[in-house]
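Novice: Here you go, sequence then predicted model.
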Amino acid sequence: MANSRSKTTPTIPLVMAQPVQPSTEALPPYDIVDFCYGVGTDTELTILCYGKRFHITVSADNLQGDPHIANEYLSLLQKLDSGEPFEQSKDEGDPMEELCFWIAFCCNPHMRVLASKQQEVRTLYDWFHPDTLVLTPKVIDGTLHVHSSIPDQQLLQQLTPK
């Protein structure tokens, strides 16, 4: 279920920026905690993966340096935003799930580097309060990089169920 939310939450300056090497490695199991998009080409995806919570913010503006990546993102976003009712078929999956998977897959090499040694959440408290990182994919000089930062308290409060 997608929702719209204003983007007023700033993040702390970048902690790490690393180019993403193309990967054929499968994405490990992950849980979609939240996904939102609104007017324009910005999306936010929060997932639990590798024992951490990753809040990924994507904007088409940040992907313009690689037309293939930008077009793929915009195509998935347009499919999601088409307003056509989703009907399961063998050839096509749910547009939201496809976009979430694409975002997570693009960030997977970076998430793996940042992964916890402990990959399984042990308790309910751990599931609600995991280490959290903000990721922002961005094309720089034709190469996809993923910037990571530490979330501010306001974002952590938004992401933590009450």
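Specialist: Received, thanks.

Novice: Would you confirm that residue 132 contacts residue 52?
Specialist: Yes - look at residue 132 against residue 52 with CB atoms under 8 Å: they come within range, at 7.0 Å. In short, each C-beta sits where N, CA and C put it, glycine included.

Novice: Now do the helices in the chain.
Specialist: 67-81, 95-113, 124-128, 153-159 (DSSP state H).

Novice: the bottom helix or strand of this structure by mean pLDDT?
Specialist: Across the helices and strands of the chain, mean pLDDT, DSSP states H and E gives its lowest value to strand 16-19, namely a mean of 49.

Novice: where does the chain have low pLDDT?
Specialist: 1-25, 85-92, 116-121 (pLDDT under 70).

Novice: Swap in 90 and give it another go.
Specialist: Across the chain, the ranges flagged by pLDDT under 90 are 1-29, 38-40, 50-51, 79-95, 114-130, 159-162.

Novice: picking that back up, compare the helices of the chain and report which one is nearest to residue 40.
Specialist: Taking CB to CB, helix 67-81 is the member of the helices of the chain nearest to residue 40, at 9.5 Å.
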